[in-house]
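Asks: Fold the stuff below for me.
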Amino acid sequence: MELKFRAWHIERKQYYGVYSINFLEGFITLMDYEENQLYDSLLEYTIIEQYTGLKDKNGKEIYVGDIVKGEIGFYKNFCGMVTENLHLYNEEKYLVPLCNFKELEKIGSMHENEELLD
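Replies: Now for the predicted structure:
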């Protein structure tokens, strides 16, 4: 599995790629792919999310914190947020392993589309 991260910048309300992290100094270097620019930020202003190694049915990478929907059993559109332990968690407090789904589709993230979890 590829070790990859992204970061949500709390003040800018935007996702960035993670170029490097310096835990000792408390800062992170972020990559803005649209502007092809690097930015330094304090770690306290970011939420780091790890790539799960999975892609959805459209080839989009799935990260911890993403909101996905999929088919499992008789549920055709089971929707929830991806957790650190590769489960899907939803508003009914169900925790279902991602490996149990036939097909997943990424529909948002917990930071950009929180309303999808309601």
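
Asks: hmm, what's the outermost residue in the protein?
Replies: Computed with Cα atoms, centre = their mean, the residue of the chain farthest from its C-alpha average is Phe74, at 25.9 Å.

Asks: Distance of it relative to Lys102?
Replies: Remark: distance between Phe74 and Lys102 (Cβ to Cβ, to the nearest Å) = 12 Å. Where C-beta positions appear, they are placed from N, C-alpha and C, glycine not excepted.

Asks: Next: Asn85.
Replies: 20 Å.

Asks: for Asn77, same thing?
Replies: For Asn77 relative to Lys102 (Cβ to Cβ), the value is 12 Å.

Asks: Distance of the residue nearest the centre of the chain relative to Glu25?
Replies: In the chain, the centroid-proximal residue (Cα atoms, centre = their mean) is Tyr63; its distance is 3.2 Å. For Tyr63, the distance to Glu25 equals 25 Å [Cβ to Cβ].

Asks: cool, Asn77 as well?
Replies: As judged by Cβ to Cβ, Asn77 and Glu25 stand 45 Å apart.

Asks: where along the chain do the strands fall?
Replies: 5-9, 14-22, 27-32, 37-42, 46-55, 61-63, 66-72, 75-82, 87-89, 95-97, 104-109 (DSSP state E).

Asks: export these to TSV and tack on mean pLDDT and distance to Glu115?
Replies: Shown next, in TSV, are these (pLDDT from 0 to 100; distance: least, Cβ to Cβ, whole Å):
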stretch	mean pLDDT	distance to Glu115
strand 5-9	96	16
strand 14-22	96	17
strand 27-32	96	25
strand 37-42	95	26
strand 46-55	94	18
strand 61-63	95	19
strand 66-72	88	10
strand 75-82	83	12
strand 87-89	78	16
strand 95-97	79	21
strand 104-109	93	9
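
Asks: which one of those strands is the most hemmed in?
Replies: The highest mean neighbour count among those, using mean count of other Cβ atoms under 10 Å, belongs to strand 66-72: a mean of 22.
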